[in-house]
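Engineer: Provided below are the primary sequence and the corresponding predicted coordinates.
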Amino acid sequence: MTERGRIWLFAVPAVAVGVLLVWSFAGLPSFGHYRGPYGNVINANAIPQRHTTNAVAAVNFDYRGFDTIGEEYILFASVIGVSALLRLQRRERELPQPPDHAPRQRAPETADSVTVICMGLVAPLVLLSLYIVVHGHLTPGGGFQGGVILASAFLMVYLAGRYVTFRQLSPKSLLDAGEGLGAGGFVLVGFAGMLAGAAFLENVLPLGQTGKVFSAGTLPIINLSVGLEVGTGLLLVMWEFLEQALMVRA
Amino acid sequence: MTGVLQAIAMLTVGVFGLAVVLNRNPLPQAVVFAFFGGSLVVLFIVLQAPDVSLSAIVVGAMAYPLMTVLTLAKCRNGSRD
């Protein structure tokens, strides 16, 4: 195809897409003017129906809980995929000496200041993650955010130059169990609704008093299981990467 | 006042997004992406979506740059062996 033909082949569809874009943007509701009925219905009903002050959590884990199960299993499947891809292949073997320990390539020592800062951050991060998970139905946050923060607390141990401690703190079998328990827990909560004679994932537990930690029925339990699943899942991915790819700092 | 804040936040997202695209070197790009993630967090806070901004913090500032850097480390180790 000639240069000229290619330019025409690009220019004509580009103009057409541009016109369609401008046309559709002109038809959008103006910025900040929400027209859908769904959000207003949720805002009006989430607190009286579910005794939760976080309407987002009520949508994610209750009204639309089934969608969230799907999302959680996307993460679950991708963690399994990473583990399968990064497993020790038959032709591979562990190097007797990590490449970074070769005589002329000494791994730089971790600076003391980095170690101190990272080690000092571990406890606050664990506490923050627990807070975010446990208060998921009261304040912004929840299982996903808290789970990632929990994983980052363990990452701090590694960044502090303590790879061996990182591995001891998070043994693989325990991570596997946590991942499975977290992913399965969500579905078990769903079956609990069926056992109680209601629909799958229906909020059958006592709702309690709005604003208390022990309230909103199944929401805190689902948050805990999602937090466990996300936290252990991310740790598993990091574990696989670090084991296969990075130098061992003993 | 809110409108000005929103406009500034959106412009910042646009500028950092452009910076991510224009950066062709993966390692600096991961760092610039973290800044892009940070600007998204500010935008979500300004638009009063704290739940989303928390997710943006953990994904944009931690999970994504970590995965990128680990993958780059893996590639470099592989080429050296």
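Structural biologist: Yep, that arrived. Numbers count the residues shown, from 1 in each chain, chains lettered A, B, ... in the order given.

Engineer: Now do the SS call for residue A:202.
Structural biologist: Three-state call for residue A:202 (DSSP: H, G, I helix; E, B strand; the rest coil): coil.

Engineer: Could you check how far it is from residue A:124?
Structural biologist: For residue A:202, the distance to residue A:124 equals 37 Å [Cβ to Cβ, to the nearest Å]. To be clear about C-beta, it is placed using only N, CA and C from the backbone, and glycine gets the same treatment.

Engineer: can you check residue A:154 too?
Structural biologist: 14 Å.

Engineer: who has more neighbours, these two?
Structural biologist: Neighbours were counted for residue A:154 and for residue A:124 using other Cβ atoms under 10 Å in any protein chain shown; residue A:154 has more, 22 against 11.

Engineer: element containing that one?
Structural biologist: helix A:143-159 (DSSP states H and E).

Engineer: Just the buried residues of that helix, please?
Structural biologist: If you call a residue buried by 16 or more other Cβ atoms under 10 Å in any protein chain shown, then helix A:143-159 has these buried ones: A:143-159.

Engineer: can stretch A:148-163 be found next to chain B?
Structural biologist: Yes: residues of stretch A:148-163 are located near chain B by Cβ under 8 Å from any Cβ of the partner chain, namely A:148, A:149, A:152, A:155.

Engineer: can you tell me the average pLDDT over the longest helix seen in chain A?
Structural biologist: Of all the segments of type helix in chain A, defined by DSSP state H, the longest one is helix A:219-245. Averaged across helix A:219-245, pLDDT comes to 85.

Engineer: now the angle between helix A:143-159 and it, please.
Structural biologist: Relative orientation of helix A:219-245 versus helix A:143-159 (axes from the mean of the first three to the mean of the last three Cα atoms, to 10 degrees): 30 degrees.

Engineer: gap between the residue most central in space within chain B and residue B:57?
Structural biologist: Centrality entry for chain B: nearest residue to the mean C-alpha point is residue B:37, 2.7 Å, by Cα atoms, centre = their mean. Going from residue B:37 to residue B:57 by Cβ to Cβ gives 8 Å.

Engineer: sorry, back to before: with the residues of stretch A:148-163 next to chain B in mind, which one is nearest to chain B?
Structural biologist: Set against chain B, the nearest of the residues of stretch A:148-163 next to chain B by Cβ to the nearest Cβ is residue A:148 (3.7 Å).

Engineer: I figured that closest one was touching residue B:61, is that so?
Structural biologist: No: taking contacts as Cβ atoms under 8 Å, residue A:148 lies outside contact range of residue B:61: 9.8 Å.

Engineer: Can you give me the distance of residue A:1 to residue A:7?
Structural biologist: From residue A:1 over to residue A:7 the distance is 10 Å, taken as Cβ to Cβ.

Engineer: re the thing from before, now for the longest helix of chain A, which elements pack on it?
Structural biologist: Applying 3 or more Cβ pairs under 8 Å, 6 or more residues apart in numbering or on different chains; DSSP states H and E, we find helix A:219-245 packed against helix A:55-58, helix A:65-85, helix A:112-134, helix A:143-159, helix A:163-169, helix A:172-195, helix B:64-80.

Engineer: redo that, cut-off 6 Å
Structural biologist: Packing partners of helix A:219-245 (3 or more Cβ pairs under 6 Å, 6 or more residues apart in numbering or on different chains; DSSP states H and E): helix A:65-85, helix A:143-159, helix A:172-195, helix B:64-80.
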